[in-house]
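> Predicted model follows, preceded by the sequence.
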Amino acid sequence: MRRPVALIAVLALLLTGCVSVPTSGPVERHAPAAQQANPGVEIAPVPPAQGATPGLIVEGFLHAMATYQAGYSVARQFLTADASEQWQPESGVEIYAASSAPQVSDSGVVLTASLVGRLDAQGTFTPAAASTPYLHDFGLVRDNDNQWRISQPPRGLLISQSLFGSTWVRSDLCFWDVTGTVLVPDPRFVPKGTVGMQATVRDLLAGPSTLAAAALRAPLEQQLDVTSVTLSVNGVAEVDLAGPTDLLSAEAKRRLSAELVWSLTSLEGVTAVRVTGNGSVWNLTNSTGEMNTGDFDAAAPALPAQSDQAFLLSDGAIHRAGWNADPAQSQPVGSLTRVTAIAARADAQVVAAITDAGSRLRTVPVREGTSRVELAAQGMALVRWTRQGELLVALERSRGVRLRMVRDGRGVSVNTDALPMGRIRSLAIAPDGVRVAMVVEEQGRWVLGVASMVRETNAVRFVGWRELSGATWAPPTHRPVDVGWSGPADLMVLLTVATVPQVVSVDSEGAVAADVGPIDSTASAQLAVGSDGRAVLRGSDGQTWRFVDDFVWEAWMPKVQQVSLP
């Protein structure tokens, strides 16, 4: 489900140990599309040794928390009896910087570190603000056997970023949107291995995360549970469900199966899913019961790329060019002039254009070239297509009506109460057409965040805003300028650091980021991103660069005012 880009796990939430985002130099590679389902060799946690020092007790406890166990029985052995009874390891996870270690002194053992982020009980990640301090005194005391034990554990799990990165993995749970037409990722983090696959199914049955719930369908009315999940040598995840599965209609089974298939195949090694309900195989697509993403491809979180075209705005007119064609062979699209912003539809057959000093929104069929006015309003600055064929327009306002929508040729009311106040500087709609990433400027501060759209009969409203900027990978010194979706749950973000451009690849939770360059361009004004992984950086002087690989951006067309990649 994810575009295989090179990432540095700066927040250490996936496959490797973590470092800070560099501004130059080599990049450690891994493929986020390959989320490890099988952890390989697991190192079992070791109980406390007789006579262990306070420092070894805390170190052993931290390692025991990093390896999943039902009830965390080994980790509890490092605690006093009262502390073990009160400790709630399933309440969430706090991840701290790997460079920190507990400090042992005559007064006890204390961990002072920078907090990287938190997981709630649902497995949803929230990045911590850059340089957020974390301080914890473990309260070492001697028990009745004169052994050192911890009397003050954290409320939930406390794991260093390096250990977290080697034992936990991101799982893209997929839920139907409220219209029931498309599957939308709702990423969580789960322990590696089949226990993580079982956690994925359990979390799926429990329903969407708190922030995403308003935009996604609720779980089934029938209360189901997962008995087990096993993975065959052929990559088939065998899901055994318990509960009133016989009460499910064929349609309910189909919808749940689509969610299970797309969710579990986000983990490496899972190629298909077979579901049994109380021992009875769900033969929905074939006699074997095996289902894969192809059985539910119409609802895929991201549809396959339909075009390799790039659309360019130059001298107020629209042009198009093949991605690998000679830039000199670009062709005009329509005859519009005084165009200030463009957006190409996913199929590359229609281009939306803002003209007449921001007062007209027009659409231009690429082949016919005859434009049509879709909306008349003042101060239109940005336009984007949704997967559902709507046009979302940002206005040059910091208050009042800041977004307008056109659906089936008619204006739709847009409720932005859940969004931060300020002018919308950048707008990017996810391949599912439900989630939106944007950069908002208010009183000199530029904020990057993600929200979801809830579609109603004659209206759309935004819900679930969560800010991503201000975290380790984008501290206050790094101003977000532009953003685009490079996959179903991945973003590319243009930052400026003391006027120097920096492009960062980051997941939609703000959990994993990597600097991908450039290293030799001038001040940049725009980052255009296609859901197939293509990207173009435009400088303030109109020069463009195409993304080739990490820190490799190839000079492309000059004198460009704006770029759109369908």
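All right, it came through fine. Residues are numbered from 1 along each chain as shown.
> can we go C-alpha only for contacts and neighbour counts from here?
Noted.
> quick one: low-confidence ranges for this structure?
Applying pLDDT under 70 to the chain picks out residues 1-43, 521.
> Would you map out the domains in it?
For the chain, automatic domain parsing gives the domain ranges 35-167, 169-299, 309-347+414-564.
> I'd like the distance between the residue nearest the centre of the chain and Ser91.
Closest residue to the average C-alpha location of the chain: Ser508 at 2.2 Å, with CA atoms, centre = their mean. The gap separating Ser508 from Ser91 is 23 Å, by CA to CA, to the nearest Å.
> what does Leu448 give?
28 Å.
> A strand includes Phe256, no?
One thing to correct before we go on: residue 256 is Leu, not Phe. No: per DSSP: H, G, I helix; E, B strand; the rest coil, Leu256 lies outside any strand segment and is helix.
> Please verify my assumption that Leu199 contacts Val190.
Just to correct that, residue 199 is Ala rather than Leu. Yes: at 6.6 Å, Ala199 counts as touching Val190 under the criterion of CA atoms under 8 Å.
> residue contacts, Thr181?
Residues near Thr181 by CA atoms under 8 Å, 6 or more residues apart in numbering: Ala299.
> where does it fall, phi/psi-wise?
Main-chain torsions, Thr181, degrees, to the nearest 10: phi -120, psi -20.
> Now do it against Arg217, distance only.
In terms of CA to CA, Thr181 sits 11 Å off from Arg217.
> give me the number of residues near Asp507?
When neighbours are defined as other CA atoms under 10 Å, Asp507 has 23 of them.
> give me the beta-bridge partners of it?
Asp490 (DSSP bridges).
> pretty sure Leu79 is touching Gln147, no?
No: Leu79 is beyond contact range of Gln147, at 10.4 Å (criterion: CA under 8 Å).
> Which one's more surrounded, those two?
Using other CA under 10 Å as the criterion, Leu79 and Gln147 rank with Leu79 on top: 27 against 19.
> ok, for that one, nearest residue in space, not its chain neighbours?
Ile150 (4.5 Å; CA to CA, 6 or more residues apart in numbering).
> Can you report how many residues lie near that neighbour?
Ile150: 26 neighbours (other CA under 10 Å).
> and what of Ala341?
Around Ala341 there are 25 residues (other CA under 10 Å).
> Just say helix, strand or coil for the residue lying closest to it once chain neighbours are set aside.
In space, not counting the residues next to it along the chain, Ala341 is nearest to Ile354; the distance is 5.2 Å by CA to CA, 6+ apart. Of the three states, Ile354 takes strand under three-state DSSP.
> I'd like the numbering to begin with 12 instead of 1 from here.
Renumbered: residue one is now 12, and that last one reads Ile365.
> where does Ile365 sit relative to Val394, distance-wise?
Ile365 is 7 Å from Val394, by CA to CA.
> The host helix or strand of Glu452 pairs with which strands, parallel or anti?
In this assignment (DSSP states H and E), Glu452 forms part of strand 446-453. Paired neighbours of strand 446-453 in the sheet (DSSP bridges): strand 434-440 (antiparallel), strand 456-467 (antiparallel).
> Buried residues in it, which are they?
For strand 446-453, a neighbour-count test (16 or more other CA atoms under 10 Å) marks 446-452 as buried.
> on that earlier part again, OK, contacts around the residue nearest to Leu90?
So Ile161 contacts 68-69, 89-91, 94, 149-152 (CA under 8 Å, 6+ apart).
> Buried subset of the residues you listed, written for PyMOL?
One line in PyMOL is enough to select the buried members of the contacts of Ile161, burial here meaning 16+ other CA under 10 Å:
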select buried, resi 68+69+89+90+91+94+149+150+151+152
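> so how many other residues sit close to the nearest residue to Ser346 once chain neighbours are set aside?
Nearest residue to Ser346 in three dimensions, chain neighbours excluded: Gly380, at 6.9 Å (CA to CA, 6+ apart). Here the number of neighbours of Gly380 (other CA under 10 Å) works out to 16.
> Repeat that for the one 4 residues further on.
Each residue near Val384 was counted by other CA under 10 Å, and the total is 15.
> Ok, Tyr79 next?
Residues near Tyr79, counting by other CA under 10 Å: 21.
> again, but for Ser110
Neighbours of Ser110 under the rule other CA under 10 Å: 12.
> roughly how far apart are it and Met416?
47 Å.
> now the residue nearest to Ser346: how far from Gly345?
4 Å.
> again, but for Ser118
For Ser118, the distance to Gly345 - CA to CA - is 76 Å.
> Looking at these two, which one has more neighbours?
Gly345 (19 against 9).
> Verify the stated contact: the more buried one with Ile329.
Yes: shown here, Gly345 and Ile329 form a contact pair, counting by CA under 8 Å, at 7.2 Å.
> List phi and psi for Pro569.
Dihedral angles for Pro569 - degrees, to the nearest 10 - are phi -90, psi 170.
> now swap in the one 3 residues further on and tell me
Dihedral pair for Gln572: phi -90, psi -30, per degrees, to the nearest 10.
> I'd say it and Ser325 touch.
Yes: assessed by CA under 8 Å, Gln572 is found in contact with Ser325 at 5.4 Å.
> Between the two, which has more neighbouring residues?
Higher neighbour count among Gln572 and Ser325: Gln572, with 25 against 19, using other CA under 10 Å.
> and the more buried one, how far is that from Gln554?
9 Å.
> do the same with Arg265
49 Å.
> what's the nearest residue to Asn245 if we skip its chain neighbours?
Asn245 sits nearest to Thr282 (CA to CA, 6+ apart), 7.9 Å away.
> I'd say that neighbour and Val244 touch.
No: using CA under 8 Å, Thr282 makes no contact with Val244, being 10.6 Å away.
> Show me which of these two is the more surrounded one.
Using other CA under 10 Å, the more surrounded residue of Thr282 and Val244 is Thr282, with 20 against 9.
> Show the contacting residues for that one.
245-248, 276, 303.
> Is Ala75 in a helix, a strand, or coil?
Ala75 ends up helix, using three-state DSSP.
> Quick check: the gap between it and Pro100.
11 Å.
> any residues in contact with both of those two?
Tyr83.
> Compare the two (neighbour count), which wins?
Set side by side, Ala75 and Pro100 show more neighbours around Ala75, with 26 against 21, by other CA under 10 Å.
> isn't Asp501 right up against Ser516?
Yes: the criterion here is CA under 8 Å, and Asp501 meets it with Ser516 at 7.4 Å.
> what is in contact with the two at once?
In contact with both Asp501 and Ser516: no residue, using CA under 8 Å, 6+ apart.
> and the angle for the helix or strand that contains Val492 with strand 434-440?
Element membership of Val492 [criterion: DSSP H and E] is strand 490-498. Angle, strand 490-498 to strand 434-440, by axes from the mean of the first three to the mean of the last three CA atoms, to 10 degrees: 10 degrees.
> Now do the helices for this structure: every range, in order, please.
65-77, 84-87, 92-97, 172-178, 205-217, 261-275 (DSSP state H).
> Please identify the deepest-packed of those.
Neighbour counts (mean count of other CA atoms under 10 Å) averaged over each of the helices of the chain peak at helix 172-178, with a mean of 24.
> Look up the closest residue to Ser102, ignoring the ones flanking it.
Ser102 sits nearest to Ala132 (CA to CA, 6+ apart), 4.8 Å away.
> how close does Val404 get to Ala439?
Taking CA to CA, one finds Val404 at 11 Å from Ala439.
> And Leu73, by the same measure?
40 Å.
> So what sits opposite the nearest residue to Ser424 once chain neighbours are set aside in the bridge?
Nearest residue to Ser424 in three dimensions, chain neighbours excluded: Ala470, at 4.5 Å (CA to CA, 6+ apart). Under DSSP bridges, the beta-bridge partners of Ala470 are Ser424, Glu467.
> which residues touch Ala470?
423-426 are the contacts of Ala470 under CA under 8 Å, 6+ apart.
> burial measure for Thr123, as a count.
Count around Thr123 with other CA under 10 Å applied: 17.
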